[in-house]
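Engineer: My questions concern the predicted model and sequence given below.
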Number of protein chains: 2
Amino acid sequence: MSRSKQILAERADADRLVMSALATDSAVTPTAQVLPWLAERSRAHSFEVRRVPLGELTGWQEEPGTGNLVHHTGRFFSIEGLRVQTERTWTQPIIVQPEVGVLGLLMKEFDGVLHCLMHAKMEPGNAPLVQLSPTVQATRSNYTGVHRGTPIRYFEYMRPSARSRVLVDVLQSEQNSWFLHKRNRNMVVETTDDVPVGDDFRWLTLGQLAALLRRPDVVNMDTRSVMSCIPATPSAVLRPVVAVPGDTFAGAVRRSFWDDGDARHTQTELLGWLTRQRAVREVRQRRVPLSEAEADGWRRDDDEIAHVSGKYFTVIGVSVLAGSREVRSWQQPLLAPVAPGVLALLVKRIAGVLHGLVQARADAGSLTGVELGPTVQCQPVNYRDLPPRERPRYLDLVPAPGEARIRYDVVQSEEGGRFHHARNRYLVVEVGDEFPVEAPDDFRWMTMGQLAGLLSHGNYLNVELRSLLACARTLW
Amino acid sequence: MSRSKQILAERADADRLVMSALATDSAVTPTAQVLPWLAERSRAHSFEVRRVPLGELTGWQEEPGTGNLVHHTGRFFSIEGLRVQTERTWTQPIIVQPEVGVLGLLMKEFDGVLHCLMHAKMEPGNAPLVQLSPTVQATRSNYTGVHRGTPIRYFEYMRPSARSRVLVDVLQSEQNSWFLHKRNRNMVVETTDDVPVGDDFRWLTLGQLAALLRRPDVVNMDTRSVMSCIPATPSAVLRPVVAVPGDTFAGAVRRSFWDDGDARHTQTELLGWLTRQRAVREVRQRRVPLSEAEADGWRRDDDEIAHVSGKYFTVIGVSVLAGSREVRSWQQPLLAPVAPGVLALLVKRIAGVLHGLVQARADAGSLTGVELGPTVQCQPVNYRDLPPRERPRYLDLVPAPGEARIRYDVVQSEEGGRFHHARNRYLVVEVGDEFPVEAPDDFRWMTMGQLAGLLSHGNYLNVELRSLLACARTLW
């Protein structure tokens, strides 16, 4: 295919994706029916999640000699120790799950508009338990049958075949503070097949998903991550049709996503800066026995693993009884943060173009050492006893709910398959002329389009920033 | 900067880089003087490299309990064990050097043409000892002063400053079979300063470097790696000026590098294929004590570490006396391959456009699991006793020297700072209509421009393919 034909074909896809993002209702699944359907699906199944002491988890055991928490088959995942050396050195528990999972969104056109097949899915760590997941959410163990459960529904569309066409397929990281080198495939495929729709599934446009993202805890993290990777820059033909007239914030968001206007830095400058950050701020990692984390304050008793300070997270056990999963009952460990986090992106119009202030973060389990995160990413409780200069930069600028410059302020859940009630306050906050345009060395102002452009490649934007970018796109 | 201005600025740089690549001689350093100068610099210094038994290496020791080969300071690098699980499982010695080094090329315009400041540099494993290195070739230990030697010359240009402008700065991998997760910054910076030129340095155009790449063992691996990352697609204005008329191979190479014509796959298809390869072909790695490699046939005696089969590589010790290095004498281990390797890229015109057949390789020490390599990448000696079906695919198609379809066939050296006499036969071989256009699942046909385009990002092309791509560009 020639360069120009390629560009045309990908432009056509991008235009169709933009049109889906602008479709805020649909005759296929009217918006008004989505939340009632989700509530109905929660009631239709009997889900029961209860705490079980770690020492009593069926199938899981403390590995002799290391103290690692492992499944007796050696599969799924394990909780091990990680020795990290960056500016400081510490040992912490970390989830080790080297296999690559699939987060797959199946799309299909109805009435000329692309719709996504969403799954009302229970995960044991979710609150509420049922949230909107991508069509397919499968670990490698899932799809190779280690669970010995029923096959993953719709997984056949994620395999190369004549039934589907791949629009997006990129490996992206997950929580780098809690996972070692974890990556999942973020996939979007389109089909023209007649797709049978199960009771737990509904077709929604990207615009409907965006509207649901304005509510807390409806659209799960995996969906947000996949949504962030969907290109949505309209062609020159479509652009005037979908532009927002006037000097509104929504218009500024669109223009920023659409690379319309002057970015503060070129891509070469930004990639060079990130390379420098990765080179200078080394992250040395070494897997060690979990028992070695004890020296750094991590204690295990029969019930849980926790830090003596009461900070960070605990590792707990749960027992799950489910009526809509591929396996009907199981037990597993979950990582439970001790308190909610804050994920805030400060945005500012620079020479008329909206930029977000992103941070080069060197987190414990990061595969590439440094990835880009939101302006503020932390659990504030971990810093409550520290003097101000040791607290995360810009944390004090995060406003109280309701302040005028807040453009987005919604609590969302992180992955409920590994995390227990991990919830973060997602914020987009616009700062004005008083906020300096000069950024510290580990921060840079980037347009939304520059950030979105990096999402064709893995390990540039961390999951927190991807998730927040999906939220920011609802501000169109 | 607006998108269009950005594109214009980067186009102007790209055009200047293309013009440098087309400048095959220069008044600054006439081509005829380069090899005599290189020979003269070799004679001007007293270099002596001699083998020393591993057990007698000053500063290096066998770590109690692990058998790892480490420096007494814990710095520089170490030789450890790596347990690898892919389609099969094995343990091997591997070089662990987590720090990120700098390979930096300083450029400056003379008479309107960009020149590179090349260093006639000795490395203990090189054969011949002195080869053309980038301006700056520094490990992090070098530039943070762990060596306690003299400061690295010209390193100030590689730091962010008003003295230089960054054209390229990207982290790229090195030999994934021999290094664990090794990455170096590949940098190109331009200055307008008056740069004092030391006796061991000369200004050369990219075209002069290309001509030297047609000779064996002159342009070192680091230079080849950096050269491969230099964008060289001319603008629409320059293109007709520099096009090669007629149906020549050189013309086909240029058009392929310049994205001129129909590629067999779109970028979305290629990135999706690579994601799939990375997801399906897991590489699980675990650092283990070097002593555990003994079970897989790796034996250490006082002299060296070697495999009982006589295959793969040995780890030897050398003592170095040098007159032109930042430190005048030292001892170190080197990894010595037992035999030369073959790195071959099969190229084929598909619908009139030259494509190269690249391979998704899952090598032992790879950070991202799978990277792209040449069509053939191996040490043939390792397979001499295996039945044909267990030998690397396409190895039997590598022609004997002198065959007509060979477009490039030159022996080049790998990095002499870590490897001892590691030499590979680099080949570009054109195949005809008889060669199938369908590729096995782990291979894909890509244009030179598609490959070069991926080099703005790290960990797509392995060092062998980057090096070969730099060689292929000499066929313009």
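Structural biologist: Arrived safely. The shown structure was predicted, so the numbers you read here are calculated from the model rather than taken from an experiment.

Engineer: after the least confident helix or strand in chain A by mean pLDDT, next one along is what?
Structural biologist: Sorted by mean pLDDT, DSSP states H and E, the helices and strands of chain A end with helix A:140-144, the least confident at a mean of 70. Using DSSP states H and E, the next helix or strand after helix A:140-144 towards the C-terminus is strand A:164-173.

Engineer: what about dumping the CA coordinates of that following strand to PDB?
Structural biologist: The C-alpha trace of strand A:164-173 is given here as PDB (Å, rounded to 0.1, in the frame of the first residue of the first chain):
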ATOM      1  CA  SER A 164     -12.000  -9.100  12.300                       C
ATOM      2  CA  ARG A 165      -9.700  -6.300  11.300                       C
ATOM      3  CA  VAL A 166      -7.200  -4.900  13.800                       C
ATOM      4  CA  LEU A 167      -7.400  -1.200  14.500                       C
ATOM      5  CA  VAL A 168      -5.200  -1.100  17.600                       C
ATOM      6  CA  ASP A 169      -2.900  -3.700  19.100                       C
ATOM      7  CA  VAL A 170      -0.200  -2.300  21.400                       C
ATOM      8  CA  LEU A 171       1.500  -3.600  24.600                       C
ATOM      9  CA  GLN A 172       1.000  -1.200  27.500                       C
ATOM     10  CA  SER A 173       2.200  -1.300  31.100                       C
END
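
Engineer: can it be found next to chain B?
Structural biologist: Yes: Strand A:164-173 lies within reach of chain B by Cβ under 8 Å from any Cβ of the partner chain, at A:Val166, A:Leu167, A:Val168, A:Asp169, A:Val170, A:Leu171. The way it works is simple: take the backbone N, C-alpha and C, and place the C-beta from them, glycine included.

Engineer: name the helices or strands packed onto the longest helix belonging to chain A?
Structural biologist: In chain A, assigned by DSSP state H, the helix with the most residues is helix A:3-22. Counting contacts by 3 or more Cβ pairs under 8 Å, 6 or more residues apart in numbering or on different chains; DSSP states H and E, helix A:3-22 packs against strand A:113-122, helix A:206-212.

Engineer: can you tell me which of these comes nearest to chain B?
Structural biologist: Set against chain B and scored by Cβ to the nearest Cβ, those come closest in strand A:113-122, at 15.9 Å.

Engineer: what's the angle between the closest one and strand A:164-173?
Structural biologist: For strand A:113-122 against strand A:164-173, the angle by axes from the mean of the first three to the mean of the last three Cα atoms, to 10 degrees is 50 degrees.

Engineer: A:Leu372 is in contact with A:Leu461, correct?
Structural biologist: Yes: using Cβ atoms under 8 Å, A:Leu461 makes contact with A:Leu372 at a distance of 5.1 Å.

Engineer: what's the overlap in contacts for those two?
Structural biologist: Any residue near both A:Leu461 and A:Leu372 by Cβ atoms under 8 Å, 6 or more residues apart in numbering or on different chains counts here, and that gives A:Leu451, A:Leu454.

Engineer: In the stretch 351-476 of chain A, what residue spans correspond to helices?
Structural biologist: Under the criterion DSSP state H, counting those that start in this stretch, the stretch 351-476 of chain A contains helices at A:448-454, A:463-472.

Engineer: Please work out which of those is packed deepest.
Structural biologist: helix A:463-472 (a mean of 27; mean count of other Cβ atoms under 10 Å in any protein chain shown).

Engineer: so who does the residue of the stretch 301-450 of chain A found nearest chain B touch?
Structural biologist: Residue nearest to chain B within the stretch 301-450 of chain A (Cβ to the nearest Cβ): A:Leu367, separated by 6.8 Å. Taking Cβ under 8 Å, 6+ apart, we find A:Leu367 in contact with A:Ser173, A:His181, A:Arg183, A:Asn459, B:Leu367, B:Thr368.

Engineer: likewise A:Tyr426?
Structural biologist: Contacts of A:Tyr426 by Cβ under 8 Å, 6+ apart are A:Leu343, A:Ala344, A:Tyr408, A:Asp409, A:Val410, A:Val411, A:Gln412, A:Ser467, A:Leu468, A:Cys471.

Engineer: And for A:Ser309?
Structural biologist: Applying Cβ under 8 Å, 6+ apart, we find A:Ser309 in contact with A:Gly297.

Engineer: Report the beta-bridge partners for the nearest residue to A:Tyr408 once chain neighbours are set aside.
Structural biologist: Residue nearest to A:Tyr408 in three dimensions, not counting chain neighbours: A:Val428, with 3.9 Å by Cβ to Cβ, 6 or more residues apart in numbering or on different chains. Assessed by DSSP bridges, A:Val428 has beta-bridge partners A:Leu345, A:Tyr408.

Engineer: Give me the pLDDT value at A:Val428.
Structural biologist: pLDDT for A:Val428: 98.

Engineer: got it, and A:Thr192?
Structural biologist: 95.

Engineer: how would you label A:Arg299: helix, strand or coil?
Structural biologist: strand (DSSP: H, G, I helix; E, B strand; the rest coil).

Engineer: Next one: it from chain B, what distance?
Structural biologist: Separation of A:Arg299 from chain B (Cβ to the nearest Cβ, to the nearest Å): 26 Å.

Engineer: Provide a list of residues in contact with that residue.
Structural biologist: By Cβ under 8 Å, 6+ apart, the residues touching A:Arg299 are A:Ile305, A:Ala306, A:His307, A:Val308.

Engineer: A:Thr58 too?
Structural biologist: Contacts for A:Thr58 (Cβ under 8 Å, 6+ apart) come out as A:Ser319, A:Gln331.

Engineer: Remind me which helix or strand it belongs to.
Structural biologist: Going by DSSP H and E, A:Thr58 is not in any helix or strand.

Engineer: distance of it from B:Asp194?
Structural biologist: 74 Å (Cβ to Cβ, to the nearest Å).

Engineer: got it, and A:Arg11?
Structural biologist: A:Arg11 sits 48 Å away from B:Asp194, taking Cβ to Cβ as the criterion.

Engineer: Around A:Arg405, count how many other residues there are.
Structural biologist: For A:Arg405, the count of nearby residues is 12 (other Cβ atoms under 10 Å in any protein chain shown).

Engineer: residue contacts, it?
Structural biologist: A:Arg405 sits next to A:Pro399, A:Val429, A:Glu430, A:Val431, A:Gly432 when contact means Cβ under 8 Å, 6+ apart.

Engineer: which two from those residues end up farthest apart in space?
Structural biologist: Using Cβ to Cβ, the pair of these lying farthest apart is A:Pro399 and A:Gly432, separated by 12.7 Å.

Engineer: sorry, back to before: among the contacts of A:Arg405, which are located in strands?
Structural biologist: Among these, the ones falling in strands (DSSP state E) are A:Val429, A:Glu430.
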